[in-house]
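Colleague: Quick one, what's the 3D model for this:
(one chain, ligands or ions: 2)
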Amino acid sequence: MSDVQTIEQLRHIGWRGQALPADGRRVARVVAQHRAGYELHDGSQIFGAQPAGHFLKRGLDPAERPAVGDFVEVEPGKPPHILSVQPRRTVLSRAAAGERYERQVIATNIDFVLVLTGLDGDFNPARIERYLSLTEGSGAQPVVILSKLDLHDDGTARIEDLRGRLPAGTPIHAINSKDPASVTQLAGYLRSGDSAVLVGSSGAGKSTLTNTLLGSQHMATSAVRGHDSRGRHTTTYRALLPLPSGGCLIDTPGMRELKLTGEEHLDLFADIEALAEACRFADCGHGSEPGCAVQAALDDGELSPERWRNYLKLRDEREEQAAMLESRLRRQRGGRPATKMHGPRGSRERES
Ligand SMILES: Nc1nc2c(ncn2[C@@H]2O[C@H](COP(=O)(O)OP(=O)(O)OP(=O)(O)O)[C@@H](O)[C@H]2O)c(=O)[nH]1
Ligand SMILES: [Zn+2]
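Modeller: Residues are numbered from 1 along each chain as shown. Ligands and ions are numbered 1, 2, ... in the order given. The predicted structure is shown next:
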């Protein structure tokens with residue numbers, strides 16, 4: 001580590017703090033997390049570090065440990081130690097797959113969540129809606145990016161389809177990730193001091209886009225990295241990359257499942273929730289009940305059946321996760337009832 005650290009250097013990697021810590025401590029950003037420890041960037045160089053003992057305590061919520069994107073305070077030494085995590089400006093999380101409720105931090109201190117989908121067989125509006133729902137609570141702004149525009153003649157139809165489906169104002173960009181001129185559309189999300197996290201299924205073209213943004217074949221391609229073998233190539237892989245534009249890009253390889261955390265609002269489907277409120281019966285099952293506003297909208301084509309199905313799926317998942325989260329909180333409180341985070345919106349106790 002070099003001797004003097006300046007605020008200016010830290011601005012380049014997205015720091016918004018006002019004062020550097022005293023006592024010889026340094027501020028650095030987590031650029032990678034490995035089994036064996038962390039890799040940090042202090043604005044001038046990258047170095048390895050270990051978490052202080054209190055981060056390893058059993059029972060600590062994993063979401064409180066340092067994560068990619070975090071700004072941390074580091075005590076120099078051999079090895080340097082991460083003493084604390086600075087308050088997070090934004091956090092993108094997901095729930096871990098499995099029986100037990102666990103929130104996993106995907107990235108922190110990000111300004112934009114770039115949701116990348118190929119216009120090829122990868123194209124899936126329901127999955128895009130899932131990503132956007134997860135983004136809702138993060139504090140970051142979602143941006144939909146459709147890649148492989150060059151490979152698709154009917155790309156325009158898919159883009160228009162998506163525009164009609166997503167809330168007005170959702171930025172949507174169609175690009176050829178291999179073409180630097182096409183990728184310049186994204187410059188506004190990668191300005192100096194800003195950070196963006198790239199999410200998308202395997203093969204969507206995350207590495208390709210990252211390489212174009214870096215202006216070189218800096219990053220291992222998926223073929224080399226192998227997306228099915230977690231832990232491999234850990235010494236060469238870096239999740240957070242400062243770009244030549246001055247922005248920082250966070251890649252998220254190998255994330256196959258993105259489960260909702262239970263804290264989503266599903267604002268994306270506010271129109272559907274409003275429809276359901278208009279049904280004659282408060283406990284309408286939206287099947288064959290008389291006066292069902294949802295059925296009416298489905299019948300006259302105002303609401304697409306596919307979008308309706310995806311809403312129901314995400315809503316049920318959100319409720320299930322919220323219940324798991326609540327029971328975990330209750331256990332932590334030693335049996336006292338937890339304060340509810342969200343009322344179940346789908347089944348209201350409205351008097352008719
Ligand atoms: N023609 C064209 N090919 C693309 C584009 N984006 C990605 N590809 C190709 O799609 C394939 C998958 O791209 P990757 O960048 O490896 O995908 P990835 O999202 O990083 O995949 P994982 O590493 O498995 O998460 C590669 O063969 C790329 O060359 C694009 O915009 N146009
Ligand atoms: Zn109804």
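Colleague: alpha carbons only for contacts and neighbour counts from here, please
Modeller: Will do.
Colleague: So this protein: which segments form each domain?
Modeller: In terms of domains, the chain is parsed into 7-85, 91-251, 267-332 (source: automatic domain parsing).
Colleague: if you average pLDDT over the helix ranked longest in the chain, what comes out?
Modeller: Taking DSSP state H as the criterion, the chain has its longest helix at helix 305-332. Mean pLDDT, helix 305-332: 92.
Colleague: could you dump the domains of the chain to TSV with mean neighbour count and distance to ligand 2?
Modeller: Shown next, in TSV, are the domains of the chain (neighbours: other C-alpha atoms under 10 Å; distance: least, C-alpha to the ion, whole Å):
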stretch	mean neighbour count	distance to ligand 2
domain 7-85	17	39
domain 91-251	18	21
domain 267-332	16	3
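Colleague: If I average pLDDT within each of those domains, which one is lowest?
Modeller: What stands lowest among these, in mean pLDDT terms, is domain 91-251, with a mean of 85.
Colleague: From one end of it to the other, what's the distance?
Modeller: For domain 91-251, the first-to-last residue distance is 15 Å (C-alpha to C-alpha, to the nearest Å).
Colleague: what about it and ligand 1, touching?
Modeller: Yes. Interface with ligand 1: domain 91-251 contributes 147-151, 176-178, 202-208, 221-222, 227 (C-alpha under 6 Å from any ligand atom).
Colleague: looking at the domains of the chain, which is closest to Thr261?
Modeller: Distance to Thr261, taken as C-alpha to C-alpha, is lowest for domain 91-251 among those, at 4.8 Å.
Colleague: Can you add distance to Leu260 and give the domains of the chain back as JSON lines?
Modeller: Compiled in JSON lines, these are given as follows (distance: least, C-alpha to C-alpha, whole Å):
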{"stretch": "domain 7-85", "distance to Leu260": "15"}
{"stretch": "domain 91-251", "distance to Leu260": "6"}
{"stretch": "domain 267-332", "distance to Leu260": "6"}
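Colleague: Show me what the residue nearest in space to the middle of the chain is bridged to.
Modeller: The C-alpha lying nearest the average C-alpha coordinate of the chain belongs to Leu92 (C-alpha atoms, centre = their mean; 4.3 Å). Beta bridges link Leu92 to Ala107, judged by DSSP bridges.
Colleague: Isn't it up against Asp111?
Modeller: No. Leu92 is beyond contact range of Asp111, at 10.3 Å (criterion: C-alpha atoms under 8 Å).
Colleague: what is in contact with these two at once?
Modeller: Shared contacts of Leu92 and Asp111 (C-alpha atoms under 8 Å, 6 or more residues apart in numbering): 139-140.
Colleague: Distance from the chain centre to the helix or strand where Leu298 lies, please.
Modeller: When elements are assigned from DSSP states H and E, Leu298 belongs to helix 293-299. Centroid displacement of helix 293-299 relative to its chain, using C-alpha atoms, centre = their mean, to the nearest Å, is 33 Å.
Colleague: any residues touching that helix, and which ones?
Modeller: Contacts of helix 293-299 (C-alpha under 8 Å, 6+ apart): 272, 275-276, 278-280, 286-288, 303-305.
Colleague: can you pull the contacts of Ser133?
Modeller: Applying C-alpha under 8 Å, 6+ apart, we find Ser133 in contact with 260, 264-268.
Colleague: Using TSV, please lay out these together with secondary structure.
Modeller: TSV is the format used below for the contacts of Ser133 (DSSP: H, G, I helix; E, B strand; the rest coil):
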residue	secondary structure
Leu260	coil
Glu264	coil
His265	coil
Leu266	coil
Asp267	helix
Leu268	helix
